[in-house]
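> quick one, structure for this:
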Amino acid sequence: MEINEISNIGSKIRKERRTLGFSQSELSKKLDISPSYLNLLESGRRTITVPLLIKVGNELGLSLKDLTLESNQRVLSDVMDVLSNEMFEDLDITNQETAEFISSNPNIAKALLTLNDAHKSFKEDMQNRLESMDVNSSVVQSPSRLPVEIVSDFLQDNKNYFHQIELASESIRRQAGLDDGHNIGSGLKLTNYLKEKHHINVQIVPASEELKSVRKFDKEKKLLQLSEMLTYTSRNFHLAYQVAFLESEDIIDTIINTNNIESEEVRPLLKISLLNYFASAILMPYDDFLINAKKNKYDVEILMHHYACSFEQVTHRLTNLQKPGNEGVPFHFLKTDIAGNVSKRFSLSGIHIPRHGGSCPRWNVYIAFLNPGKIHPQISRMPDGKVYFCIARAFEKGIEKHGMPKSFVSIGLGCDVKYAKDLIYSEGMDIENKKLQTPIGVSCRICPRIECQQRAFPPIDKELKLDINFRGTSPYVTL
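Numbers count the residues shown, from 1 in each chain. From the prediction side, this is the model:
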């Protein structure tokens, strides 16, 4: 049996081979094929048999999902979202045409997304400047692609798992005395570790003193200042972050350089993201965390108490559990504010998360704003028939002090419905009952559910026909 090269398997094999440092000759020997045949596979001029595909996956440490069409779904969703713009209406581009193009040209599709990001950023920047422009305004400069999206794509491409960081964090835990299976007194232990190993003093700054930041590190004075207004979970995280900052420079630089990240705007943001990962790994060690997650059926609140971490820290850590041979549930993660601005997104579940916000209001991650603090479970059915099980919780963020501005954010965590039984939040729910499935979409522009009462725009693939004498469940439903 052969697999058609619709999923661009060849380019994925070539990319992973180069990442691992194998030559075509070396990999072909491991696969028992000739270098010339491997070259034909990588260039897309030959189809690949299922047995050989499995063998390739074993040698490169990739799953069949990584090598087949499903791994392109996030790019497909993003491109479909871009093409839903009204400027492309006259081209009559179908979803099938888009899928076929991306399947055979994923890198070109990513290049188009980069151009779209730059275009969108430029438009927004121009609009903001025009609104505040006066006669003495300076020349407008074109911004580059949004760094946050580059970092998001980087984490997605690496499955949000970095083995070097996991190993280094385990070593630090042992040295700091944190390898006792829980985080009791972790703040004091990390404080002592910073003092003993790095000669850095930690100072808790009282609320009565004016401090414009919640965390400040003075390298010359070897002083780390933390506001007493931080919660204990945040304080512990900042301590772990400082340890990571001092001991991970070589590791993080190697990761960034290996992935050819050269932009001076992107590198600092990516470093912060990887330092946050490092801090989470220090507080929630991989193997112990995964064991407890499975034992407690991914009960986020139990994990919060066990590791003295926040809801956001725990749910984010759950997306890191992709160590080859010892994986957790493949989750998706979404963080949004009440206006729908998506600040973090990651998907291993296969669900499509819009690149620039504008998600479906039926998602529980938005419904959670109606009842902050409560965890809302939801069985979601996408237009393509795929079903997901998700939880969401909205909460207030900010310094707990009178007069200090606060904001509400919501976090959604979910997985393919086949993993729902592994999560405590599905207990008592009839997962197979289709009546409990909430129909949702990626965004209105590419969602075909014309009858949805919350539809804001007509779908891109349907001709708009309105009847002034008839009003259906949505303005776009006709007789």
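> so where do the helices sit in the stretch 151-300 of the chain?
For the stretch 151-300 of the chain, the helices defined by DSSP state H, counting those that start in this stretch cover 163-176, 186-198, 232-247, 249-258, 266-283, 286-295, 300-307.
> what does the residue nearest the centre of the chain show for phi and psi?
In the chain, the residue lying closest to the centroid (C-alpha atoms, centre = their mean) is residue 346, at 1.9 Å. The phi and psi values for residue 346, taken as degrees, to the nearest 10, are phi -160, psi 140.
> residues touching it, list them.
By C-beta atoms under 8 Å, 6 or more residues apart in numbering, the contact set of residue 346 is 152, 155-156, 160, 319, 332-334. Quick note: C-beta positions are derived from backbone N, CA and C, even for glycine.
> closest to residue 363 among these?
residue 334 (8.0 Å; C-beta to C-beta).
> wait, what's in contact with the closest one?
By C-beta under 8 Å, 6+ apart, the residues touching residue 334 are 342, 344-346, 353, 359, 365, 411-413.
> give me that answer again for 7 Å
By C-beta atoms under 7 Å, 6 or more residues apart in numbering, the contact list for residue 334 reads 342, 345, 353, 365, 412.
> and it, what helix or strand is that in?
Following DSSP states H and E, one finds residue 334 within strand 332-337.
> show me what the residue nearest to the centre of the chain is bridged to.
residue 333 (DSSP bridges).
> so where do the strands sit in the stretch 101-250 of the chain?
With DSSP state E, counting those that start in this stretch as the criterion, the stretch 101-250 of the chain has strands at 201-205, 215-218, 223-227.
> pick out the shakiest of the helices of the stretch 151-300 of the chain, pLDDT-wise.
Lowest mean pLDDT within these: helix 249-258, at a mean of 91.
> which other helices and strands contact that one?
Where contact means 3 or more C-beta pairs under 7 Å, 6 or more residues apart in numbering; DSSP states H and E, helix 249-258 is packed against helix 163-176, helix 266-283.
> what about 6 Å?
helix 266-283 (3 or more C-beta pairs under 6 Å, 6 or more residues apart in numbering; DSSP states H and E).
> for the helix it packs on, buried residues please.
Buried residues in helix 266-283, counted by 16 or more other C-beta atoms under 10 Å: 266-267, 269-271, 273-283.
> run the angle between it and helix 232-247 for me.
Computed with axes from the mean of the first three to the mean of the last three C-alpha atoms, to 10 degrees, the direction of helix 266-283 lies at 120 degrees from that of helix 232-247.
> which residues touch helix 266-283?
Applying C-beta atoms under 6 Å, 6 or more residues apart in numbering, the external contacts of helix 266-283 come out as 147, 150-151, 165-166, 169, 172, 237, 240-241, 244-245, 248, 252, 256, 261, 307, 309, 317.
> show the buried residues in those.
147, 150-151, 165-166, 169, 172, 237, 240-241, 244-245, 248, 252, 256, 261, 307, 309, 317.
> what's near enough to touch residue 347?
332, 353.
> for burial, what's the neighbour tally of residue 292?
Residue 292: 18 surrounding residues under other C-beta atoms under 10 Å.
> thinking again about what came up before, narrow the contacts of residue 334 to those in helices?
Counting by DSSP state H, the contacts of residue 334 place residue 365 in helices.
> pLDDT, distance to residue 391 and neighbour count for the contacts of residue 334 - can I get that in CSV?
Listed next are the contacts of residue 334 as CSV, based on pLDDT from 0 to 100; distance: C-beta to C-beta, whole Å; neighbours: other C-beta atoms under 10 Å:
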residue, pLDDT, distance to residue 391, neighbour count
342, 87, 17, 19
345, 88, 16, 23
353, 80, 15, 26
365, 93, 9, 28
412, 96, 7, 28
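> out of the contacts of residue 334, which is nearest to residue 469?
Nearest member of these to residue 469, counting by C-beta to C-beta, is residue 365, at 37.7 Å.
> test my guess that the closest one contacts residue 412.
Yes - with contact defined as C-beta atoms under 6 Å, residue 365 counts as touching residue 412 (3.4 Å).
> part of a strand, is residue 390?
Yes - under DSSP: H, G, I helix; E, B strand; the rest coil, residue 390 sits within a strand.
> pretty sure it contacts residue 415?
No - counting by C-beta under 6 Å, residue 390 does not reach residue 415; the two are 7.7 Å apart.
> with neighbour numbers in mind, choose between the two.
residue 390 (27 against 24).
> how about stretch 251-258 as CSV, C-alpha atoms only?
The C-alpha coordinates for stretch 251-258 follow below in CSV (Å, rounded to 0.1, in the frame of the first residue of the first chain):
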residue,chain,number,x,y,z
ILE,A,251,21.0,25.8,26.3
ILE,A,252,18.5,28.4,25.2
ASP,A,253,21.0,30.0,22.7
THR,A,254,21.6,26.6,21.2
ILE,A,255,17.9,26.0,20.7
ILE,A,256,17.4,29.4,19.1
ASN,A,257,20.4,29.1,16.9
THR,A,258,19.6,25.6,15.8
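> now the helix or strand hosting residue 10 - C-alpha only, CSV.
Here residue 10, judged by DSSP H and E, is contained in helix 9-20. This file holds the C-alpha atoms of helix 9-20, laid out as CSV (Å, rounded to 0.1, in the frame of the first residue of the first chain):
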residue,chain,number,x,y,z
ILE,A,9,5.8,13.8,3.5
GLY,A,10,9.1,14.2,1.6
SER,A,11,9.8,17.7,2.8
LYS,A,12,9.0,16.7,6.4
ILE,A,13,11.4,13.8,6.2
ARG,A,14,14.1,16.1,4.7
LYS,A,15,13.6,18.8,7.4
GLU,A,16,13.7,16.3,10.3
ARG,A,17,16.7,14.5,8.8
ARG,A,18,18.6,17.8,8.6
THR,A,19,17.5,18.8,12.2
LEU,A,20,19.0,15.5,13.5
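> which residues touch the following helix or strand past that helix?
Downstream of helix 9-20, the first helix or strand assigned by DSSP H and E is helix 24-31. Helix 24-31 is contacted from outside by 17, 35, 38-39, 55, 59, using C-beta under 6 Å, 6+ apart.
> centre of the chain to helix 24-31, how far?
Computed by C-alpha atoms, centre = their mean, to the nearest Å, the separation of helix 24-31 from the middle of its chain amounts to 33 Å.
> now the host helix or strand of residue 57: mean pLDDT?
Counting by DSSP H and E, the element that carries residue 57 is helix 50-60. The pLDDT scores in helix 50-60 average 81.
> so where's the stretch 51-200 of the chain uncertain?
Where the stretch 51-200 of the chain drops to pLDDT under 70, the residues are 63-74, 76-77, 84-87, 89-92, 94-96, 100, 102-104, 119-145, 181-183.
> go with 80
51, 53, 61-146, 180-184 (pLDDT under 80).
> tell me, how many residues neighbour residue 396?
Neighbour count of residue 396, defined by other C-beta under 10 Å: 11.
> oh sorry, the question was meant for residue 337
The burial count for residue 337: 16, using other C-beta under 10 Å.
> which SS class is the residue nearest to it when sequence neighbours are not counted?
Distance criterion C-beta to C-beta, 6 or more residues apart in numbering; nearest residue to residue 337, sequence neighbours excluded, is residue 409 at 5.5 Å. Counting by three-state DSSP, the backbone at residue 409 sits in strand.
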